[in-house]
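Novice: Here's a sequence, model it:
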Amino acid sequence: MTKGENEGNQPQIRQKFERQIERLHDCRSNDGRSEVTAMQVFIVGTGNMGGGIATRALVGRHAVRLIGRDPARAQELAETLGGRVPGADVDVADAAAVGDADVVVLAVPFDSAKEVVASYGEKLAGTTVVDISNPVDFTTFDSLTVPPGTSAAEQIAAAAAPGAHVVKAFNTTFAGTLVAGEVDGVPLDVFIAGDDQASRERVAELASSGGLNPIDVGGLHHARELEGIQLLHMALQTRPDGPGWMSTLKIIRP
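Specialist: Below is the predicted model of the structure:
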């Protein structure tokens, strides 16, 4: 559960997400957009980021399946999400079922993400695979751990089986802001980079259906810039007067 999220205030939390879901439905209806096509979203990792992205996917009326090394922790997160979002289709899954996914989100650190895609092998062929990692030196928050001219996302793509469509997304967002879906009433921007256009569009739909604002920045090589700017964003959080991991990066349009 997030800070302050306990049995005593579960009704208020559910009401909050009910209002979000209703608002998103009304916006789509008013804009003449069709209803969302539900996707099977598998999330590898049961930490805070996995829970935040799962929350947005469930608000968007997608099915979420959680994969974690600790089945008990995965089950606990599934129960938390089920209590948080009304009508949530969420459950625990085994890695063997990952081939059923429309989108696989790697909500794990960079090195672990490389290991995951390598171990899943051909099961990821034809699947949209989302890398959310930031290859940051967490001892100093002063540098990236990948060489210039590459990115974590590109290295994960190289480790994945042929046909896996790696997309960089959600790396510029923090877990607490993802649960809320906004900062100071403003929806989060989700920057999306990938070489497969259909996969970028799929991730954009995942973000927008959950109340976020997707921004397609083009090919996977642009993950380098996304990881670089997030290094600075993360470093700001460590300052005594920092925003406490509750800020966001936002493009303000005229």
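Novice: Can you list the residue ranges for strands in the stretch 51-200 of the chain?
Specialist: Counting by DSSP state E, counting those that start in this stretch, the segments of the stretch 51-200 of the chain that form strands are 63-67, 90-92, 103-106, 128-131, 165-168, 182-183, 186-187, 189-194.
Novice: got a markdown table for the ones you listed, with mean neighbour count and mean pLDDT too?
Specialist: Just so you know, the C-beta spots here come from the backbone N, C-alpha and C atoms, and that holds for glycine as well. Output for those, formatted as a markdown table (neighbours: other Cβ atoms under 10 Å; pLDDT from 0 to 100):
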| stretch | mean neighbour count | mean pLDDT |
| --- | --- | --- |
| strand 63-67 | 24 | 98 |
| strand 90-92 | 18 | 98 |
| strand 103-106 | 26 | 98 |
| strand 128-131 | 29 | 98 |
| strand 165-168 | 28 | 98 |
| strand 182-183 | 16 | 96 |
| strand 186-187 | 14 | 96 |
| strand 189-194 | 25 | 98 |
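Novice: For these, please prepare a markdown table with the additional fields distance to residue 230.
Specialist: Below are those laid out as a markdown table (distance: least, Cβ to Cβ, whole Å):
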| stretch | distance to residue 230 |
| --- | --- |
| strand 63-67 | 24 |
| strand 90-92 | 27 |
| strand 103-106 | 16 |
| strand 128-131 | 12 |
| strand 165-168 | 10 |
| strand 182-183 | 15 |
| strand 186-187 | 18 |
| strand 189-194 | 9 |
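Novice: For the stretch 101-250 of the chain, which segments are assigned as helices?
Specialist: Secondary structure of the stretch 101-250 of the chain by DSSP state H, counting those that start in this stretch: the helices cover 110-120, 152-159, 175-180, 197-209, 223-237.
Novice: what mean pLDDT does the longest one have?
Specialist: Pointing back at helix 223-237 there. Across helix 223-237, pLDDT averages out at 98.
Novice: for it, packing partners?
Specialist: For helix 223-237, the packing partners by 3 or more Cβ pairs under 8 Å, 6 or more residues apart in numbering; DSSP states H and E come out as helix 152-159, strand 165-168, strand 189-194.
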